[in-house]
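Novice: Provide a 3D model corresponding to the input given below.
(chains A and B)
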Amino acid sequence: MQTAPLGLLRDLDPKRVMRAQVGGQDLVVWRASNGDVSAWDNRCPHRGMALSHGFVRGNDLACLYHGWHYGSTGACSYIPAHPDLDPPETIKTAVFSVAIADGVIWVSTKGVAQPAPVPMASQPLRCFHVQARSDGLAHACRTVAFEGGAPEQIEPGLYRLGARRVFVLENPLDEDRIQVTALVDADATPNDCAALSRWCDAVRRLAQTEKVAA
Amino acid sequence: MSREYALNDWYAVGDAQTLARGPRRTVLLEQEVIVSGTTDHPKVVDAEGAAYPATFKYGHVWTSLGDAPRPLFNIPEADEPGRRLVPCGVVRVKCSPLRAVENFLDIAHFPFVHTGILGSEPHTEVAPYKAEIRDDVDEVWATKISFYQPQAAKSAEAGGDTQYLYRVAAPTTAVLYKTCPPKPEAMDVIAIFVQPRTETECDVWPWMALYDETSEYAGLVQFQQEIFLQDRSILENQRPVKLPLDPKMEIPTRADLTSIAYRRWLKSKGAFYGAMTEDA
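Specialist: Just a heads-up that it's a prediction; the model follows:
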(Lines give C-alpha, C1' and ligand atoms only; values in the text may rest on other atoms or scores of the structure.)
Protein backbone atom coordinates (compact mmCIF):
# COMPACT_ATOMS: atom_id res chain seq x y z
CA MET A 1 0.00 0.00 0.00
CA GLN A 2 1.44 3.38 -0.90
CA THR A 3 1.30 6.38 1.37
CA ALA A 4 -2.22 7.81 1.54
CA PRO A 5 -3.36 11.43 2.06
CA LEU A 6 -5.69 11.62 5.08
CA GLY A 7 -6.79 15.24 4.94
CA LEU A 8 -5.40 18.57 6.06
CA LEU A 9 -3.33 19.19 9.16
CA ARG A 10 -5.24 22.45 9.77
CA ASP A 11 -8.47 20.41 10.21
CA LEU A 12 -6.91 18.46 13.09
CA ASP A 13 -6.22 20.82 15.98
CA PRO A 14 -3.99 19.70 18.85
CA LYS A 15 -5.94 17.45 21.30
CA ARG A 16 -8.34 16.36 18.54
CA VAL A 17 -8.99 12.75 17.50
CA MET A 18 -10.38 11.48 14.19
CA ARG A 19 -11.08 8.21 12.47
CA ALA A 20 -9.50 7.42 9.11
CA GLN A 21 -8.86 4.51 6.81
CA VAL A 22 -6.00 3.40 4.57
CA GLY A 23 -6.49 0.41 2.31
CA GLY A 24 -8.97 -1.33 4.64
CA GLN A 25 -7.00 -0.55 7.81
CA ASP A 26 -9.19 1.27 10.36
CA LEU A 27 -7.12 4.06 11.90
CA VAL A 28 -7.27 6.53 14.74
CA VAL A 29 -5.43 9.72 13.79
CA TRP A 30 -4.86 12.15 16.66
CA ARG A 31 -2.83 15.14 17.64
CA ALA A 32 -1.06 15.50 20.97
CA SER A 33 -1.00 18.76 22.93
CA ASN A 34 2.51 19.36 21.58
CA GLY A 35 1.17 19.19 18.01
CA ASP A 36 2.57 15.75 17.09
CA VAL A 37 0.32 13.67 14.82
CA SER A 38 -0.01 9.89 15.30
CA ALA A 39 -1.84 7.21 13.30
CA TRP A 40 -2.59 3.87 14.99
CA ASP A 41 -4.68 0.77 14.62
CA ASN A 42 -8.10 1.97 15.79
CA ARG A 43 -8.43 -0.58 18.56
CA CYS A 44 -7.60 -0.59 22.24
CA PRO A 45 -5.66 -3.82 22.98
CA HIS A 46 -7.54 -4.16 26.29
CA ARG A 47 -11.17 -4.69 25.24
CA GLY A 48 -11.23 -3.85 21.53
CA MET A 49 -12.81 -0.38 21.88
CA ALA A 50 -12.32 2.02 18.95
CA LEU A 51 -9.65 4.48 20.07
CA SER A 52 -11.15 7.11 17.75
CA HIS A 53 -13.78 7.65 20.47
CA GLY A 54 -10.99 8.40 22.93
CA PHE A 55 -9.65 11.69 24.28
CA VAL A 56 -6.25 13.38 24.46
CA ARG A 57 -4.64 13.98 27.84
CA GLY A 58 -1.39 15.90 27.46
CA ASN A 59 0.59 13.93 24.91
CA ASP A 60 -1.28 10.65 25.46
CA LEU A 61 -4.39 9.25 23.82
CA ALA A 62 -6.83 7.76 26.35
CA CYS A 63 -9.40 5.08 25.49
CA LEU A 64 -12.98 6.13 26.25
CA TYR A 65 -13.88 2.76 27.79
CA HIS A 66 -11.47 2.44 30.74
CA GLY A 67 -9.27 5.50 30.28
CA TRP A 68 -6.09 3.55 29.49
CA HIS A 69 -3.39 5.94 28.25
CA TYR A 70 -1.15 5.35 25.24
CA GLY A 71 1.94 7.48 24.55
CA SER A 72 3.52 8.41 21.22
CA THR A 73 5.18 4.96 20.86
CA GLY A 74 1.75 3.29 21.07
CA ALA A 75 2.64 1.63 24.38
CA CYS A 76 0.22 1.76 27.29
CA SER A 77 1.54 4.21 29.89
CA TYR A 78 -1.25 4.34 32.48
CA ILE A 79 -4.14 2.16 33.66
CA PRO A 80 -6.51 4.23 35.85
CA ALA A 81 -7.92 1.13 37.58
CA HIS A 82 -4.38 0.50 38.91
CA PRO A 83 -2.72 3.91 39.24
CA ASP A 84 0.45 2.47 40.80
CA LEU A 85 0.99 -0.22 38.19
CA ASP A 86 3.65 0.07 35.50
CA PRO A 87 1.77 -1.34 32.49
CA PRO A 88 3.53 -4.31 30.83
CA GLU A 89 5.24 -3.47 27.55
CA THR A 90 3.11 -6.05 25.76
CA ILE A 91 0.13 -3.67 25.94
CA LYS A 92 0.79 -1.74 22.75
CA THR A 93 -1.20 -0.64 19.77
CA ALA A 94 0.09 -0.89 16.19
CA VAL A 95 1.72 2.39 15.14
CA PHE A 96 1.94 3.58 11.52
CA SER A 97 4.31 6.04 9.89
CA VAL A 98 3.04 9.64 9.52
CA ALA A 99 4.48 12.49 7.48
CA ILE A 100 3.24 16.06 7.16
CA ALA A 101 3.93 17.70 3.79
CA ASP A 102 2.16 20.53 1.97
CA GLY A 103 -0.21 20.82 4.94
CA VAL A 104 -1.41 17.25 4.27
CA ILE A 105 -1.39 14.33 6.73
CA TRP A 106 0.19 11.33 4.99
CA VAL A 107 0.09 7.84 6.48
CA SER A 108 1.60 4.56 5.36
CA THR A 109 0.44 1.24 6.77
CA LYS A 110 3.61 -0.40 5.45
CA GLY A 111 7.02 1.18 5.96
CA VAL A 112 7.92 4.84 6.17
CA ALA A 113 5.36 7.36 4.89
CA GLN A 114 6.50 8.97 1.64
CA PRO A 115 4.29 11.86 0.59
CA ALA A 116 3.53 12.16 -3.12
CA PRO A 117 5.18 15.17 -4.78
CA VAL A 118 2.91 18.17 -5.29
CA PRO A 119 3.67 19.78 -8.69
CA MET A 120 3.41 23.39 -7.51
CA ALA A 121 3.91 25.71 -4.58
CA SER A 122 0.63 25.04 -2.76
CA GLN A 123 -1.64 25.84 0.15
CA PRO A 124 -4.45 23.68 1.58
CA LEU A 125 -7.85 24.09 -0.05
CA ARG A 126 -10.15 21.52 1.58
CA CYS A 127 -10.86 17.87 2.32
CA PHE A 128 -14.09 16.09 1.44
CA HIS A 129 -15.58 12.63 0.92
CA VAL A 130 -17.24 11.61 -2.32
CA GLN A 131 -19.28 8.54 -3.22
CA ALA A 132 -17.78 7.85 -6.62
CA ARG A 133 -15.03 5.96 -8.37
CA SER A 134 -11.75 7.57 -9.32
CA ASP A 135 -12.68 7.92 -13.02
CA GLY A 136 -16.03 9.47 -12.05
CA LEU A 137 -14.27 12.01 -9.85
CA ALA A 138 -11.78 12.92 -12.62
CA HIS A 139 -14.63 13.26 -15.10
CA ALA A 140 -16.48 15.63 -12.76
CA CYS A 141 -13.27 17.67 -12.26
CA ARG A 142 -12.96 18.10 -16.05
CA THR A 143 -16.65 18.91 -16.46
CA VAL A 144 -17.69 21.40 -13.77
CA ALA A 145 -17.08 24.93 -15.14
CA PHE A 146 -15.28 27.49 -12.99
CA GLU A 147 -16.17 31.17 -13.45
CA GLY A 148 -17.67 30.41 -16.84
CA GLY A 149 -14.65 28.51 -18.21
CA ALA A 150 -14.11 24.78 -18.70
CA PRO A 151 -11.36 23.23 -16.54
CA GLU A 152 -8.20 22.05 -18.21
CA GLN A 153 -6.58 18.85 -16.97
CA ILE A 154 -2.82 19.44 -16.97
CA GLU A 155 -1.87 16.01 -15.63
CA PRO A 156 -3.62 13.36 -13.51
CA GLY A 157 -5.09 15.18 -10.50
CA LEU A 158 -3.93 18.65 -11.60
CA TYR A 159 -6.51 21.06 -13.06
CA ARG A 160 -6.29 24.62 -14.33
CA LEU A 161 -9.33 26.63 -13.28
CA GLY A 162 -9.13 30.18 -14.66
CA ALA A 163 -5.93 31.70 -13.25
CA ARG A 164 -5.57 28.98 -10.57
CA ARG A 165 -4.47 25.39 -10.37
CA VAL A 166 -6.03 22.79 -8.08
CA PHE A 167 -4.29 19.52 -7.18
CA VAL A 168 -6.65 16.70 -6.19
CA LEU A 169 -5.25 13.91 -3.95
CA GLU A 170 -7.25 10.72 -3.54
CA ASN A 171 -7.47 8.16 -0.75
CA PRO A 172 -9.71 5.31 -1.97
CA LEU A 173 -11.83 4.03 0.95
CA ASP A 174 -13.66 1.24 -0.84
CA GLU A 175 -15.11 0.40 -4.26
CA ASP A 176 -16.89 3.71 -4.66
CA ARG A 177 -15.89 6.02 -1.84
CA ILE A 178 -12.94 8.40 -1.94
CA GLN A 179 -11.50 10.76 0.63
CA VAL A 180 -10.31 13.79 -1.36
CA THR A 181 -7.70 16.29 -0.22
CA ALA A 182 -7.46 19.35 -2.48
CA LEU A 183 -4.60 21.86 -2.67
CA VAL A 184 -4.42 25.18 -4.55
CA ASP A 185 -1.67 27.57 -5.71
CA ALA A 186 0.21 29.12 -2.80
CA ASP A 187 -0.70 32.64 -3.90
CA ALA A 188 -4.47 32.04 -4.21
CA THR A 189 -6.42 34.67 -2.26
CA PRO A 190 -9.08 33.87 0.36
CA ASN A 191 -11.70 34.80 -2.23
CA ASP A 192 -10.15 32.39 -4.75
CA CYS A 193 -10.17 29.67 -2.11
CA ALA A 194 -13.83 30.29 -1.25
CA ALA A 195 -14.82 30.11 -4.93
CA LEU A 196 -12.74 26.97 -5.52
CA SER A 197 -14.20 25.36 -2.40
CA ARG A 198 -17.66 25.87 -3.94
CA TRP A 199 -16.30 24.31 -7.15
CA CYS A 200 -15.27 21.26 -5.07
CA ASP A 201 -18.86 21.00 -3.79
CA ALA A 202 -20.17 21.05 -7.36
CA VAL A 203 -17.61 18.39 -8.37
CA ARG A 204 -18.71 16.18 -5.48
CA ARG A 205 -22.39 16.59 -6.39
CA LEU A 206 -21.82 15.83 -10.08
CA ALA A 207 -19.61 12.79 -9.35
CA GLN A 208 -22.30 11.38 -7.03
CA THR A 209 -25.18 12.18 -9.42
CA GLU A 210 -23.45 10.51 -12.34
CA LYS A 211 -22.74 7.51 -10.15
CA VAL A 212 -26.46 7.21 -9.40
CA ALA A 213 -27.29 7.67 -13.09
CA ALA A 214 -24.78 4.96 -14.05
CA MET B 1 -22.10 -25.36 16.22
CA SER B 2 -22.27 -22.27 18.41
CA ARG B 3 -26.08 -22.14 18.60
CA GLU B 4 -26.48 -25.61 20.11
CA TYR B 5 -25.62 -24.79 23.72
CA ALA B 6 -27.61 -21.55 23.56
CA LEU B 7 -30.83 -23.28 22.46
CA ASN B 8 -31.38 -24.84 25.89
CA ASP B 9 -31.08 -21.61 27.88
CA TRP B 10 -34.00 -19.36 28.80
CA TYR B 11 -34.36 -15.86 27.41
CA ALA B 12 -36.53 -12.84 28.18
CA VAL B 13 -38.50 -11.97 25.05
CA GLY B 14 -41.08 -9.49 26.36
CA ASP B 15 -42.45 -7.79 29.46
CA ALA B 16 -45.91 -6.89 30.79
CA GLN B 17 -45.91 -3.72 28.70
CA THR B 18 -45.16 -5.48 25.44
CA LEU B 19 -47.85 -8.08 26.22
CA ALA B 20 -50.37 -5.30 26.82
CA ARG B 21 -49.56 -3.80 23.43
CA GLY B 22 -50.38 -7.03 21.60
CA PRO B 23 -48.24 -9.69 19.92
CA ARG B 24 -44.50 -8.91 19.78
CA ARG B 25 -42.83 -10.23 16.67
CA THR B 26 -39.15 -10.67 17.49
CA VAL B 27 -36.02 -12.68 16.77
CA LEU B 28 -34.36 -15.11 19.17
CA LEU B 29 -31.19 -16.98 18.17
CA GLU B 30 -31.89 -16.08 14.54
CA GLN B 31 -35.37 -17.55 14.69
CA GLU B 32 -38.52 -15.47 14.40
CA VAL B 33 -40.89 -15.83 17.36
CA ILE B 34 -44.16 -14.18 18.30
CA VAL B 35 -44.77 -13.35 21.96
CA SER B 36 -48.35 -12.81 23.08
CA GLY B 37 -50.89 -13.72 25.78
CA THR B 38 -51.07 -12.40 29.33
CA THR B 39 -48.72 -12.39 32.29
CA ASP B 40 -50.71 -15.37 33.65
CA HIS B 41 -50.67 -17.20 30.33
CA PRO B 42 -47.87 -16.02 28.08
CA LYS B 43 -47.50 -17.62 24.68
CA VAL B 44 -44.46 -17.97 22.42
CA VAL B 45 -44.82 -19.45 18.94
CA ASP B 46 -42.70 -19.47 15.79
CA ALA B 47 -43.75 -18.28 12.33
CA GLU B 48 -45.36 -21.67 11.61
CA GLY B 49 -47.35 -21.55 14.85
CA ALA B 50 -45.33 -24.17 16.74
CA ALA B 51 -45.41 -23.38 20.47
CA TYR B 52 -42.42 -23.06 22.80
CA PRO B 53 -42.45 -23.17 26.60
CA ALA B 54 -43.34 -19.78 28.05
CA THR B 55 -43.40 -18.54 31.61
CA PHE B 56 -43.72 -15.10 33.23
CA LYS B 57 -41.11 -14.39 35.90
CA TYR B 58 -39.01 -11.42 37.07
CA GLY B 59 -41.30 -9.09 35.14
CA HIS B 60 -40.62 -10.81 31.81
CA VAL B 61 -41.80 -13.55 29.49
CA TRP B 62 -39.19 -16.31 29.32
CA THR B 63 -38.83 -18.92 26.63
CA SER B 64 -36.42 -21.61 25.46
CA LEU B 65 -36.12 -23.01 21.96
CA GLY B 66 -34.27 -26.23 22.81
CA ASP B 67 -35.48 -29.79 23.33
CA ALA B 68 -34.00 -30.06 26.82
CA PRO B 69 -34.04 -26.64 28.52
CA ARG B 70 -31.87 -26.24 31.60
CA PRO B 71 -33.90 -25.06 34.63
CA LEU B 72 -34.64 -21.32 34.74
CA PHE B 73 -32.33 -19.75 37.34
CA ASN B 74 -33.70 -18.46 40.61
CA ILE B 75 -33.49 -14.84 41.77
CA PRO B 76 -34.76 -15.21 45.35
CA GLU B 77 -34.77 -11.44 46.00
CA ALA B 78 -37.69 -11.09 43.58
CA ASP B 79 -39.97 -12.54 46.28
CA GLU B 80 -38.64 -10.47 49.19
CA PRO B 81 -41.35 -8.26 50.70
CA GLY B 82 -40.73 -4.53 50.49
CA ARG B 83 -38.83 -4.59 47.19
CA ARG B 84 -40.09 -2.65 44.22
CA LEU B 85 -39.83 -4.66 41.04
CA VAL B 86 -38.98 -2.36 38.16
CA PRO B 87 -38.79 -3.61 34.57
CA CYS B 88 -36.86 -1.00 32.56
CA GLY B 89 -38.03 -1.62 29.01
CA VAL B 90 -35.73 -2.79 26.26
CA VAL B 91 -32.59 -1.45 24.57
CA ARG B 92 -31.52 -2.74 21.14
CA VAL B 93 -27.73 -3.00 20.88
CA LYS B 94 -25.71 -4.01 17.82
CA CYS B 95 -23.19 -6.10 19.72
CA SER B 96 -22.56 -9.65 20.83
CA PRO B 97 -24.93 -10.66 23.67
CA LEU B 98 -21.83 -11.80 25.56
CA ARG B 99 -20.11 -8.41 25.24
CA ALA B 100 -23.28 -6.84 26.71
CA VAL B 101 -23.06 -9.12 29.75
CA GLU B 102 -19.32 -8.63 30.15
CA ASN B 103 -19.75 -4.84 30.15
CA PHE B 104 -22.40 -5.22 32.86
CA LEU B 105 -19.83 -7.06 35.02
CA ASP B 106 -17.22 -4.33 34.66
CA ILE B 107 -16.69 -1.56 37.19
CA ALA B 108 -13.47 0.02 35.84
CA HIS B 109 -15.39 1.84 33.10
CA PHE B 110 -17.69 3.72 35.49
CA PRO B 111 -15.58 6.92 35.75
CA PHE B 112 -15.20 7.19 31.96
CA VAL B 113 -18.52 5.99 30.55
CA HIS B 114 -20.91 6.90 33.39
CA THR B 115 -19.04 10.01 34.44
CA GLY B 116 -20.52 11.82 37.42
CA ILE B 117 -23.08 9.08 38.09
CA LEU B 118 -21.49 5.66 38.70
CA GLY B 119 -17.93 6.95 38.82
CA SER B 120 -15.67 9.97 38.49
CA GLU B 121 -12.01 10.83 38.23
CA PRO B 122 -9.77 10.71 40.19
CA HIS B 123 -11.63 7.84 41.91
CA THR B 124 -10.61 5.28 39.28
CA GLU B 125 -8.79 2.65 41.30
CA VAL B 126 -10.28 -0.84 41.44
CA ALA B 127 -9.30 -2.45 44.75
CA PRO B 128 -8.56 -6.18 44.84
CA TYR B 129 -11.70 -8.31 44.82
CA LYS B 130 -12.60 -11.94 44.37
CA ALA B 131 -13.98 -13.60 41.23
CA GLU B 132 -14.66 -17.30 40.91
CA ILE B 133 -16.47 -19.97 38.97
CA ARG B 134 -18.75 -21.75 41.45
CA ASP B 135 -18.92 -25.29 40.16
CA ASP B 136 -21.67 -26.36 42.60
CA VAL B 137 -24.16 -23.89 41.10
CA ASP B 138 -22.43 -23.51 37.72
CA GLU B 139 -22.31 -19.72 38.00
CA VAL B 140 -19.68 -16.97 38.00
CA TRP B 141 -19.54 -14.83 41.15
CA ALA B 142 -17.57 -11.70 41.98
CA THR B 143 -17.48 -10.52 45.57
CA LYS B 144 -15.80 -8.03 47.94
CA ILE B 145 -16.04 -5.19 45.42
CA SER B 146 -16.07 -1.60 46.60
CA PHE B 147 -16.06 1.49 44.39
CA TYR B 148 -16.57 5.22 44.89
CA GLN B 149 -19.72 6.51 43.17
CA PRO B 150 -20.96 10.11 42.89
CA GLN B 151 -24.60 8.99 42.47
CA ALA B 152 -24.94 5.24 42.99
CA ALA B 153 -28.72 5.21 42.44
CA LYS B 154 -31.68 7.46 41.79
CA SER B 155 -32.24 7.44 45.56
CA ALA B 156 -28.64 8.46 46.42
CA GLU B 157 -28.25 11.93 47.89
CA ALA B 158 -24.45 12.10 47.95
CA GLY B 159 -21.35 10.30 46.71
CA GLY B 160 -19.87 7.39 48.60
CA ASP B 161 -18.29 3.95 48.48
CA THR B 162 -20.66 1.37 47.04
CA GLN B 163 -20.33 -2.36 47.72
CA TYR B 164 -20.99 -4.63 44.75
CA LEU B 165 -21.55 -8.32 44.21
CA TYR B 166 -22.05 -9.91 40.81
CA ARG B 167 -23.64 -13.16 39.82
CA VAL B 168 -23.74 -14.60 36.30
CA ALA B 169 -26.66 -17.02 36.33
CA ALA B 170 -26.54 -17.93 32.63
CA PRO B 171 -24.36 -16.84 29.69
CA THR B 172 -26.80 -14.03 28.85
CA THR B 173 -28.15 -13.25 32.33
CA ALA B 174 -26.30 -11.36 35.03
CA VAL B 175 -27.44 -9.98 38.36
CA LEU B 176 -25.70 -7.41 40.51
CA TYR B 177 -26.24 -6.53 44.13
CA LYS B 178 -25.17 -3.12 45.33
CA THR B 179 -25.44 -1.04 48.48
CA CYS B 180 -28.88 0.50 48.75
CA PRO B 181 -28.47 4.20 49.60
CA PRO B 182 -31.64 4.66 51.74
CA LYS B 183 -31.26 1.26 53.44
CA PRO B 184 -27.56 0.59 54.09
CA GLU B 185 -28.11 -2.88 55.58
CA ALA B 186 -29.82 -4.13 52.38
CA MET B 187 -28.75 -4.42 48.79
CA ASP B 188 -30.48 -3.29 45.62
CA VAL B 189 -30.72 -5.86 42.85
CA ILE B 190 -30.20 -4.96 39.19
CA ALA B 191 -30.19 -7.56 36.43
CA ILE B 192 -29.83 -7.64 32.69
CA PHE B 193 -31.67 -10.23 30.70
CA VAL B 194 -30.09 -10.33 27.27
CA GLN B 195 -32.15 -11.61 24.36
CA PRO B 196 -29.70 -12.69 21.66
CA ARG B 197 -31.28 -11.88 18.30
CA THR B 198 -28.15 -12.96 16.47
CA GLU B 199 -24.51 -13.39 17.48
CA THR B 200 -23.98 -9.68 16.81
CA GLU B 201 -27.25 -8.05 17.87
CA CYS B 202 -29.30 -8.22 21.05
CA ASP B 203 -32.24 -6.77 22.93
CA VAL B 204 -31.29 -5.97 26.51
CA TRP B 205 -34.00 -6.00 29.21
CA PRO B 206 -32.77 -4.37 32.41
CA TRP B 207 -34.75 -5.21 35.55
CA MET B 208 -34.44 -3.99 39.11
CA ALA B 209 -35.63 -5.05 42.56
CA LEU B 210 -35.08 -2.01 44.75
CA TYR B 211 -35.77 -0.60 48.16
CA ASP B 212 -36.97 2.78 46.95
CA GLU B 213 -40.47 3.84 47.84
CA THR B 214 -40.18 7.49 46.92
CA SER B 215 -38.81 7.74 43.36
CA GLU B 216 -41.33 7.93 40.53
CA TYR B 217 -41.39 4.84 38.31
CA ALA B 218 -40.59 6.94 35.24
CA GLY B 219 -37.58 8.48 37.01
CA LEU B 220 -36.20 5.06 37.97
CA VAL B 221 -36.51 3.77 34.42
CA GLN B 222 -35.01 6.93 32.98
CA PHE B 223 -32.00 6.66 35.32
CA GLN B 224 -31.35 3.08 34.22
CA GLN B 225 -31.99 3.79 30.52
CA GLU B 226 -29.48 6.64 30.59
CA ILE B 227 -26.87 4.26 31.98
CA PHE B 228 -27.57 1.67 29.29
CA LEU B 229 -27.48 4.19 26.47
CA GLN B 230 -24.03 5.24 27.67
CA ASP B 231 -22.99 1.58 27.64
CA ARG B 232 -24.36 1.18 24.12
CA SER B 233 -21.95 3.80 22.79
CA ILE B 234 -19.14 1.51 23.93
CA LEU B 235 -20.68 -1.83 22.98
CA GLU B 236 -21.33 -0.84 19.37
CA ASN B 237 -17.70 0.21 18.88
CA GLN B 238 -15.79 -2.87 20.05
CA ARG B 239 -13.89 -5.00 17.55
CA PRO B 240 -14.15 -7.82 16.89
CA VAL B 241 -17.91 -7.68 17.42
CA LYS B 242 -17.96 -11.20 18.86
CA LEU B 243 -16.36 -11.78 22.27
CA PRO B 244 -12.86 -13.28 21.90
CA LEU B 245 -12.30 -16.22 24.24
CA ASP B 246 -8.62 -16.53 23.33
CA PRO B 247 -6.85 -14.59 26.14
CA LYS B 248 -4.16 -13.45 23.69
CA MET B 249 -6.61 -11.36 21.67
CA GLU B 250 -7.52 -8.88 24.40
CA ILE B 251 -5.14 -8.12 27.25
CA PRO B 252 -6.77 -8.03 30.71
CA THR B 253 -5.54 -6.54 33.96
CA ARG B 254 -6.33 -7.23 37.64
CA ALA B 255 -9.56 -5.23 37.46
CA ASP B 256 -10.83 -7.69 34.83
CA LEU B 257 -10.96 -10.75 37.10
CA THR B 258 -14.73 -11.10 36.62
CA SER B 259 -14.42 -10.83 32.86
CA ILE B 260 -11.58 -13.38 32.86
CA ALA B 261 -13.70 -15.82 34.90
CA TYR B 262 -16.73 -15.18 32.67
CA ARG B 263 -14.78 -15.89 29.47
CA ARG B 264 -13.20 -19.01 30.99
CA TRP B 265 -16.61 -20.24 32.16
CA LEU B 266 -18.16 -19.72 28.70
CA LYS B 267 -15.27 -21.62 27.14
CA SER B 268 -15.52 -24.53 29.59
CA LYS B 269 -19.25 -24.90 28.90
CA GLY B 270 -19.02 -24.52 25.15
CA ALA B 271 -21.31 -21.48 25.35
CA PHE B 272 -19.98 -20.02 22.13
CA TYR B 273 -23.01 -18.18 20.75
CA GLY B 274 -21.72 -14.59 20.32
CA ALA B 275 -18.14 -15.67 21.02
CA MET B 276 -15.06 -15.98 18.89
CA THR B 277 -13.13 -19.14 19.50
CA GLU B 278 -9.59 -19.88 18.34
CA ASP B 279 -10.73 -21.90 15.38
CA ALA B 280 -13.37 -19.30 14.38
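Novice: let me see the domain layout of the chain.
Specialist: In the absence of a named chain, chain A is used. Chain A breaks down into these domains under automatic domain parsing: A:4-108, A:122-213.
Novice: sorry, I should have been clearer: chain B.
Specialist: With domains defined by automatic domain parsing, chain B comprises B:1-72, B:76-276.
Novice: please name the nearest non-neighbouring residue to B:Tyr273.
Specialist: B:Ala6 (3.7 Å; CB to CB, 6 or more residues apart in numbering or on different chains). C-betas here are computed from N, CA, C, even on glycine.
Novice: on the pLDDT front, check the closest residue to B:Gln224 other than its chain neighbours for me.
Specialist: Spatial nearest neighbour of B:Gln224, chain neighbours left out: B:Cys88 (4.5 Å); criterion: CB to CB, 6+ apart. pLDDT for B:Cys88: 96.
Novice: what is the neighbour count of B:Cys88?
Specialist: Neighbourhood size, B:Cys88 [other CB atoms under 10 Å in any protein chain shown]: 24.
Novice: based on its surroundings, how many neighbours for the single nearest residue of the stretch 51-200 of chain B relative to chain A?
Specialist: As assessed by CB to the nearest CB, chain A sits closest to B:Thr124 within the stretch 51-200 of chain B, at 3.6 Å. Residues contacting B:Thr124 under the criterion other CB under 10 Å number 23.
Novice: and the pLDDT at it?
Specialist: Note for B:Thr124: predicted pLDDT of 97.
Novice: quick one on the thing from earlier: of the domains of chain A, which stretch is the most buried?
Specialist: Of all these, domain A:4-108 has the most neighbours on average by mean count of other CB atoms under 10 Å in any protein chain shown, namely a mean of 19.
Novice: list the contacts of residue 112.
Specialist: Defaulting to chain A. A:97, A:99 (CB atoms under 8 Å, 6 or more residues apart in numbering or on different chains).
Novice: hmm, I had chain B in mind actually
Specialist: Going by CB under 8 Å, 6+ apart, B:Phe112 touches A:64-67, A:80, B:119.
Novice: which helices and strands does the worst-scoring helix or strand of chain A on mean pLDDT pack with?
Specialist: For chain A, using mean pLDDT, DSSP states H and E, the weakest element among its helices and strands is helix A:190-213, scoring a mean of 93. On a contact count with 3 or more CB pairs under 8 Å, 6 or more residues apart in numbering or on different chains; DSSP states H and E, helix A:190-213 meets strand A:122-130, helix A:134-143, strand A:164-174, strand A:177-185.
Novice: okay, angle between that helix and strand A:164-174 too, please.
Specialist: Counting by axes from the mean of the first three to the mean of the last three CA atoms, to 10 degrees, helix A:190-213 points 40 degrees away from the direction of strand A:164-174.
Novice: any idea what the nearest residue to A:Thr73 once chain neighbours are set aside is bridged to?
Specialist: The shortest distance from A:Thr73 to any non-neighbouring residue, by CB to CB, 6+ apart, is to A:Val95 (6.8 Å). For A:Val95, the beta-bridge assignment (DSSP bridges) gives partners A:Trp40.
Novice: A:Val95 touches A:Trp30, doesn't it?
Specialist: No - with contact defined as CB atoms under 8 Å, A:Val95 and A:Trp30 do not form a contacting pair (11.8 Å).
Novice: quick check: neighbours shared by those two?
Specialist: By CB under 8 Å, 6+ apart, A:Val95 and A:Trp30 have these common neighbours: A:Ser38.
Novice: now B:Val189: phi and psi?
Specialist: Dihedral pair for B:Val189: phi -120, psi 130, per degrees, to the nearest 10.
Novice: tell me, how many residues neighbour the residue of the stretch 151-280 of chain B found nearest chain A?
Specialist: In the stretch 151-280 of chain B, the residue found nearest to chain A is B:Ala255; the distance is 3.8 Å by CB to the nearest CB. The local packing of B:Ala255 (other CB under 10 Å) involves 24 other residues.
Novice: one more: B:Asp161?
Specialist: 12.
Novice: buried stuff in whichever strand or helix holds it?
Specialist: Taking DSSP states H and E as the criterion, B:Asp161 maps to strand B:160-170. Of the residues in strand B:160-170, those buried by neighbour count under the rule 16 or more other CB atoms under 10 Å in any protein chain shown are B:162-170.
Novice: can I get those in JSON lines including distance to chain A and pLDDT?
Specialist: Below are the buried residues of strand B:160-170 laid out as JSON lines (distance: CB to the nearest CB, whole Å; pLDDT from 0 to 100):
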{"residue": "B:Thr162", "distance to chain A": "16", "pLDDT": "93"}
{"residue": "B:Gln163", "distance to chain A": "17", "pLDDT": "95"}
{"residue": "B:Tyr164", "distance to chain A": "14", "pLDDT": "95"}
{"residue": "B:Leu165", "distance to chain A": "18", "pLDDT": "97"}
{"residue": "B:Tyr166", "distance to chain A": "16", "pLDDT": "98"}
{"residue": "B:Arg167", "distance to chain A": "21", "pLDDT": "98"}
{"residue": "B:Val168", "distance to chain A": "17", "pLDDT": "98"}
{"residue": "B:Ala169", "distance to chain A": "23", "pLDDT": "97"}
{"residue": "B:Ala170", "distance to chain A": "22", "pLDDT": "98"}
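Novice: show me which of these is closest to B:Glu226.
Specialist: Relative to B:Glu226, the closest of these is B:Thr162; by CB to CB it sits at 17.5 Å.
Novice: that closest one pairs with what?
Specialist: Here B:Thr162 shows beta-bridge partners B:Phe147, assigned using DSSP bridges.
Novice: now it: how far from B:Leu229?
Specialist: 21 Å (CB to CB, to the nearest Å).
Novice: what residues does chain A put near chain B?
Specialist: Within chain A, the positions adjacent to chain B are A:26, A:43, A:45-50, A:53, A:64-67, A:79-83, A:85, A:90-91 by CB under 8 Å from any CB of the partner chain.
Novice: just those: which are in strands?
Specialist: Secondary structure from DSSP state E places A:Asp26 of the residues of chain A next to chain B in strands.
Novice: just the ones of the residues of chain A next to chain B in helices?
Specialist: The members of those all map outside helices under DSSP state H.
Novice: which SSE is B:Glu250 in?
Specialist: According to DSSP H and E, B:Glu250 maps onto no helix or strand at all.
Novice: do the one 10 residues further on as well
Specialist: In this structure, B:Ile260 sits in helix B:257-269 according to DSSP H and E.
Novice: and the contacts of that helix?
Specialist: Helix B:257-269 is contacted from outside by B:5, B:98, B:101-102, B:105-106, B:129-133, B:138, B:140, B:142, B:166, B:168, B:171, B:243, B:245, B:247, B:252, B:271-272, B:275, B:277, using CB under 8 Å, 6+ apart.
Novice: cool, stretch B:6-19 as well?
Specialist: With CB under 8 Å, 6+ apart as the contact definition, stretch B:6-19 has outside contacts at B:24, B:26, B:28-29, B:33, B:35-39, B:42, B:44, B:58-70, B:72-73, B:87, B:89-90, B:170-172, B:193-196, B:205, B:271, B:273.
Novice: confidence score at the residue nearest to A:Thr73?
Specialist: Listed pLDDT for A:Val95 reads 98.
Novice: cool, and B:Lys183?
Specialist: Predicted confidence (pLDDT) at B:Lys183: the value is 83.
Novice: from B:Tyr217, how far off is it?
Specialist: Distance of B:Lys183 to B:Tyr217, given as CB to CB: 19 Å.
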